[in-house]
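Asker: When you get a sec, could you give me coordinates for this:
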Amino acid sequence: RPIAFLSKAFSARQSHLSTYEKEMEAIIFAVHKWKSYLLGAKFLIRTDHQSLHYLLQQKLHTPAQHKWLLKLMGFDFSVEYRAGKHNQAADALSRLYEHPSLFAISTQNTAWFSSFQQSYKDDPFFKQLLAQWHKGELNSATYSLRAGVLFHKGRLLLHTTHPLVPQLLNAYHNSPIGGHSGFHKTLHQLKRDFYWRGINADVKSYIRGCDICQRCKYSTDPQSGLLQPLPIPSRIWSSISMDFIEGLPPSHSKTVILVIVDRLSKYGHFIPLQHPYTAASVAKEFVANVLKLHGFPESIISDRDAIFTSNFWRELFRLQGTKLRFSSSYHPQTDGQTEVLNRCLETYLRCFCHQQPKQWLNWIPWAEFWYNTSFHTSIGMSPFQALYGYPPPTLLTFVPGTARVQEVESTLRDRDHILLELKHHLSRAQHRMKHQADKHRKDVVFAVGDWVFLKLQPYRQHSIVHRTNHKLGARFYGPYKILQKIGTVAYKLELPSNAKIHPVFHVSQLKRKVGHQTVVQHQLPLMEGNPPRIPSKLLGRRLVKQQNRAVTQVLIQWMGLPEEEATWEDYVTFMRDHPHFDLEGKVGTGGGGI
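Answerer: Numbers count the residues shown, from 1 in each chain. Sure thing, here's the model as predicted:
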């Protein structure tokens, strides 16, 4: 009775050996694998390769034979030949298992055609056509009769109301063979075999109402919603916009830039920050770099970053009478001015720091000077001149005798003229921008009570938690019911009760639901950074190497999210942000290393 089995795949070198050499390699491998049982005992080796029976009596002609016998020295054994037909146990294990052949006969299912033939006898439309055919009133070049049914140019003729029509549309569009193809592909496949009056309209209507297509396909329609420029501020530094540039390499412990821009003069300040930053630290930098120079603004425009939506930030500016205006969810174009400036600043730093990226902090003052003293087409001057009333100083050497003293009245008159000219250029730039933007947009209006699909774009919002497998995820979610129209191009949706994203969306993120089939998606795959994430469970610990030092990280499951969405957080940072969450003694170290 066998007590053990052993097998091993041949390497690339061994697969080219002769049969004799392969059989010998098998003996060497088995003896050394089980040597703890064989040493000190006499044993028998059975093989179905007859030449190995004379292994111990044959002359040694090759170095390989010398090597094999050296490996077998110290073992007391004999070799016995047994033909393969008698060595069934070992021979069966060395062969690839083959499934028994299955024989089947495939036949076509003609039950549907028999049912279709019967419908010809019961349908008044087909009865009339058959009567016309038998009287010779139908063109024989177009119509033909086979097996009791009519064909139109070689295609089976149906009636629009025939019960087979919905089944055909489903089979040619929704099935794996149909592949949810577009109008032209589906119509071409269907018209090869079938025809009915109005087939084009029926196919188009069916595809437009397909629920899966509305969720998963790209939208090729022009962007919804005409451009709505923000009102021009009345005073300089009365309305500002703010945003962050993140993901920069560490430069003197700074990894983030806070960008603040005046919406009237376009004057900007670039403030380096250390990550992680909080609402309190950002407010401190705002006071030190902006407030002391320009005072409190009347309004601040920003995206829905967790910093700007925190209670601390809201209360700070509420007490000062400043209105916080946020972009609609997943529509950062509301703060398009700062978004464009971010790209300009990143390009500037890239041009001067591409060889030494970690030295970008040294270039921030020069970048701010370059931006504020550069000519802006939208205002017709530089931000420096718009703020101070005179052109920026040049870097030329001072020439004695060229200085002039201006009168106060002349200075104030020039200042008022610059402000009027500034507003004129901004208004003209807005009209020009709106005219160009509206060429590629369409005016879409929804009514309260309409059902719409929602498009989410996490790659545009850094405060959004990314879901897994997003590449093959649905592109639209919902449908959801419109509850209220906010302004001109924003709508409030009836989201599920557990949704943690702001329910107001720009019209460009919405798509009208077509068709009567409504399958509501109750769980949104993304969660915005407001309210802040709350840790719920510790799943693991690990040590990682960061800048040549060991850093402890903890795997945290967040409240309202599954374990698959757990994230690794630095231990020190996590304990600073969540000092009341007990991490000690819960999970041992594991899951990775330095």
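Asker: Point out where the stretch 251-400 of the chain drops to low pLDDT.
Answerer: Along the stretch 251-400 of the chain, segments meeting pLDDT under 70 span 304-313, 315-316, 319, 321, 325-339, 351, 394-400.
Asker: how does it look with 80?
Answerer: Judged by pLDDT under 80, the stretch 251-400 of the chain has its weakly predicted residues at 275-277, 279, 302-344, 347-355, 376-379, 393-400.
Asker: residues near residue 550, how many?
Answerer: 10 (other Cβ atoms under 10 Å). Every residue, glycine included, has its C-beta placed from N, CA and C.
Asker: And for the one 10 residues further on?
Answerer: Counted by other Cβ under 10 Å, the residues lying close to residue 560 total 12.
Asker: Please apply the same query to residue 208.
Answerer: So residue 208, with other Cβ under 10 Å, has 12 neighbours.
Asker: Does it touch residue 513 like I think?
Answerer: No - the criterion here is Cβ atoms under 8 Å, and residue 208 misses it with residue 513 at 10.6 Å.
Asker: Quick check: phi and psi on residue 146?
Answerer: Per-residue torsions, residue 146: phi -140, psi 130 (degrees, to the nearest 10).
Asker: Run through the bridge partners of it.
Answerer: residue 149 (DSSP bridges).
Asker: State the distance from it to residue 127.
Answerer: Noted for residue 146: a distance of 18 Å to residue 127, by Cβ to Cβ, to the nearest Å.
Asker: And the two? Which one has more around it.
Answerer: Ranked by neighbour count (other Cβ under 10 Å), residue 146 and residue 127 place residue 127 first, with 12 against 9.
Asker: Tell me if that one really is in a strand.
Answerer: No - counting by DSSP: H, G, I helix; E, B strand; the rest coil, residue 127 is not found in a strand; it is helix.
Asker: so what's it up against?
Answerer: 120, 121 (Cβ atoms under 8 Å, 6 or more residues apart in numbering).
Asker: Same check on residue 33?
Answerer: Counted by Cβ under 8 Å, 6+ apart, residue 33 has contacts residue 6.
Asker: now do the one 5 residues further on
Answerer: Taking Cβ under 8 Å, 6+ apart as the criterion, residue 38 is in contact with 31, 75, 77.
Asker: So residue 368 is in contact with residue 267, correct?
Answerer: No - between residue 368 and residue 267 there is no contact under Cβ under 8 Å: 9.6 Å.
Asker: These two: which has the busier surroundings?
Answerer: Per other Cβ under 10 Å, whichever of residue 368 and residue 267 has more neighbours is residue 267, with 24 against 18.
Asker: now that one: how far from residue 382?
Answerer: 9 Å.
Asker: Mutual contacts of the two, please.
Answerer: In contact with both residue 267 and residue 382: residue 372, using Cβ under 8 Å, 6+ apart.
Asker: any low-confidence regions in the stretch 51-200 of the chain?
Answerer: Residues of the stretch 51-200 of the chain that meet the cut-off, pLDDT under 80, sit at 51-66, 68-69, 73, 83-127, 129-131, 133-141, 147-150, 159-162.
Asker: Tell me where it has helices.
Answerer: Using DSSP state H, counting those that start in this stretch, the helices of the stretch 51-200 of the chain run over 63-72, 88-93, 111-122, 124-135, 164-173, 183-191, 199-208.
Asker: now do the stretch 351-500 of the chain
Answerer: Using DSSP H, counting those that start in this stretch, helices in the stretch 351-500 of the chain cover 364-373, 383-388, 408-438.
Asker: Return the list of helices and strands in contact with the shortest one.
Answerer: Helix 383-388 makes packing contacts with helix 364-373, helix 408-438 when contacts are defined by 3 or more Cβ pairs under 8 Å, 6 or more residues apart in numbering; DSSP states H and E.
Asker: what about residue 214, neighbour count?
Answerer: 23.
Asker: Phi and psi next, for it.
Answerer: Dihedral angles phi and psi of residue 214 (degrees, to the nearest 10) take the values phi -70, psi -30.
Asker: List the contacts of residue 362.
Answerer: Residue 362 touches residue 251, counting by Cβ under 8 Å, 6+ apart.
Asker: any idea how far it is from residue 582?
Answerer: For residue 362, the distance to residue 582 - Cβ to Cβ - is 43 Å.
Asker: my guess is residue 554 meets residue 566, correct?
Answerer: No - counting by Cβ under 8 Å, residue 566 is not a contact partner of residue 554; they are 9.8 Å apart.
Asker: Name the residue in these two with the higher neighbour count.
Answerer: Neighbour count, other Cβ under 10 Å: between residue 554 and residue 566, residue 554 has more, with 22 against 19.
Asker: State the phi and psi torsions of that one.
Answerer: phi -120, psi 140.
Asker: please begin residue numbering at 379 from this point
Answerer: With 379 as the first residue, the last one maps to residue 932.
Asker: For beta bridges, what are the partners of it?
Answerer: residue 919, residue 947.
Asker: Outline the domain layout of this protein.
Answerer: What the TED database lists as the domains of the chain is 380-472, 489-594, 617-772, 828-837+849-890, 913-955.
Asker: mind giving me TSV with those and columns for distance to residue 822?
Answerer: Shown next, in TSV, are those (distance: least, Cβ to Cβ, whole Å):
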stretch	distance to residue 822
domain 380-472	63
domain 489-594	15
domain 617-772	14
domain 828-837+849-890	6
domain 913-955	33
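Asker: Does residue 727 fall in a helix, a strand, or a coil region?
Answerer: State at residue 727, reduced to three classes by three-state DSSP: helix.
Asker: ok, it - contacts?
Answerer: Contacts for residue 727 (Cβ under 8 Å, 6+ apart) come out as 738, 741, 745.
Asker: can you pick the most crowded of these?
Answerer: Among the contacts of residue 727, residue 738 has the most neighbours (other Cβ under 10 Å), with 25 neighbours.
Asker: quick one: it from residue 396, how far?
Answerer: 67 Å.
Asker: try residue 674
Answerer: Taking Cβ to Cβ, one finds residue 674 at 91 Å from residue 396.
Asker: Look up how far residue 436 lies from the spatially closest residue to residue 452 that is not a sequence neighbour.
Answerer: Once flanking residues are discounted, residue 452 sits nearest to residue 417: 7.2 Å by Cβ to Cβ, 6 or more residues apart in numbering. Plainly put, residue 417 is 25 Å away from residue 436 if you go by Cβ to Cβ.
Asker: who touches the nearest residue to residue 630 once chain neighbours are set aside in this structure?
Answerer: Once flanking residues are discounted, residue 630 sits nearest to residue 739: 5.2 Å by Cβ to Cβ, 6+ apart. When contacts are counted by Cβ under 8 Å, 6+ apart, residue 739 touches 629, 630, 632, 650.
Asker: What strand or helix carries the nearest residue to residue 613 once chain neighbours are set aside?
Answerer: Of all residues not flanking residue 613 in the chain, residue 642 sits nearest, at 7.1 Å (Cβ to Cβ, 6+ apart). Element membership for residue 642, per DSSP states H and E: none, as it lies in no helix or strand.
Asker: burial count for residue 642?
Answerer: 23.
Asker: isn't it right up against residue 617?
Answerer: Yes - if you go by Cβ under 8 Å, residue 642 and residue 617 touch, sitting 7.0 Å apart.
Asker: residues shared between the contacts of the two?
Answerer: Jointly contacting residue 642 and residue 617 under the rule Cβ under 8 Å, 6+ apart are residue 611.
Asker: contacting residues around residue 678?
Answerer: 617, 618, 619, 620, 686, 695, 700, 701, 702, 703 are the contacts of residue 678 under Cβ under 8 Å, 6+ apart.
Asker: helix/strand/coil for it?
Answerer: Residue 678 ends up strand, using three-state DSSP.
Asker: What separation do you get for it and residue 458?
Answerer: To residue 458, residue 678 is 93 Å away according to Cβ to Cβ.
Asker: Equivalent analysis for residue 513, please.
Answerer: From residue 513 to residue 458 the distance is 93 Å (Cβ to Cβ).
Asker: What of residue 399?
Answerer: Taking Cβ to Cβ, one finds residue 399 at 20 Å from residue 458.
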